[in-house]
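> based on what follows, work out the 3D shape:
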Amino acid sequence: MQSRVSWVAEVGMLAALITITSTFKLPGLLPGTEFQLSAPLATAICVVFGFGKYITAGVLSSVVGLMLGTQSLLNVFIAMVFRVTVGMLVVLLGRSWPVIVLAGPIGSAIGRLVLGGMIGKAVIPLLLAALPGMIYTALLTCPVTALLQRVKEQREKVMRHVVQR
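Numbers count the residues shown, from 1 in each chain. Below is the predicted model:
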């Protein structure tokens, strides 16, 4: 059983990873089509570490983004729509590869639908602008998930063999 200190440290590290990768945006060919690297990472965190750690790390990341001024309340709201959608898909449908590949793009699409409804703009252009990012997310989520799974397994292996005083 994991101690509280270990849980807090792990969630803090995951929140830091989400926060840092959310600052990296790969530009698209058209304005508004950039890809945020945190999307496949967040999906992988949900799959590997579970919904509780995932949503806690995501909320902490959003709080840090608000405090740093890198996110607005609208950004946080859309990110939370993405997180809840991805989390519910993984919790309800399991951790199979099709779910892992599609959860991020579906979360992005639902986020854009909600955004379109909130601002009263046409949803189709918002979805089209997000399409390249959804493709990148689908392509990168599996390798990132495999990497995080290896890191988690290695951490657990080390923790089993560590001598505590």
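> report the distance from the helix or strand harbouring P98 to the chain centre.
If you go by DSSP states H and E, P98 is part of helix 97-119. A distance of 12 Å separates the centroid of the chain from that of helix 97-119, by C-alpha atoms, centre = their mean, to the nearest Å.
> give me the next element, helix or strand, following that helix.
Assigned by DSSP H and E, the successor of helix 97-119 is helix 123-161.
> list the buried residues of that next one.
Using 16 or more other C-beta atoms under 10 Å as the test for burial, helix 123-161 gives 126, 129-130, 132-134, 136-138, 140-142, 144-145, 148. Heads up, the C-betas are built off the backbone N, CA and C, glycines and all.
> ok, of those residues, which one's closest to L17?
Ranked by distance to L17 (C-beta to C-beta), these are led by L148 at 9.2 Å.
> name the nearest residue to that closest one, ignoring sequence neighbours.
Ranked by C-beta to C-beta, 6 or more residues apart in numbering and with sequence neighbours excluded, the top spatial neighbour of L148 is V48, at 4.4 Å.
> got the contact list for the spatially most central residue of the chain?
Among the residues of the chain, the one closest to the centroid is A42, at 1.9 Å (C-alpha atoms, centre = their mean). When contacts are counted by C-beta atoms under 8 Å, 6 or more residues apart in numbering, A42 touches I18, Y54, G58, F82, R83, V86, G104.
> contacts for the helix or strand where the fifth one lies?
Spelled out, that is R83. Using DSSP H and E, R83 falls within helix 73-93. Residues from elsewhere that reach helix 73-93, judged by C-beta under 8 Å, 6+ apart: 39, 42-43, 46-47, 51, 54-55, 58-59, 62, 65-66, 71, 99-100, 102-104, 106-108, 110-111, 114-115, 118.
> how about that helix: buried residues?
Result for helix 73-93 [16+ other C-beta under 10 Å]: buried residues 76-90.
> wait, G12 touches L60, no?
Yes. Under the criterion of C-beta atoms under 8 Å, G12 makes contact with L60 at 7.3 Å.
> those two: which is more packed in?
Neighbour count, other C-beta atoms under 10 Å: between G12 and L60, L60 has more, with 17 against 13.
> circling back: closest one to M159 out of the contacts of A42, please.
Of the contacts of A42, the one sitting nearest to M159 (C-beta to C-beta) turns out to be Y54, at 20.3 Å.
> look up phi and psi at L29.
phi -70, psi -30 (degrees, to the nearest 10).
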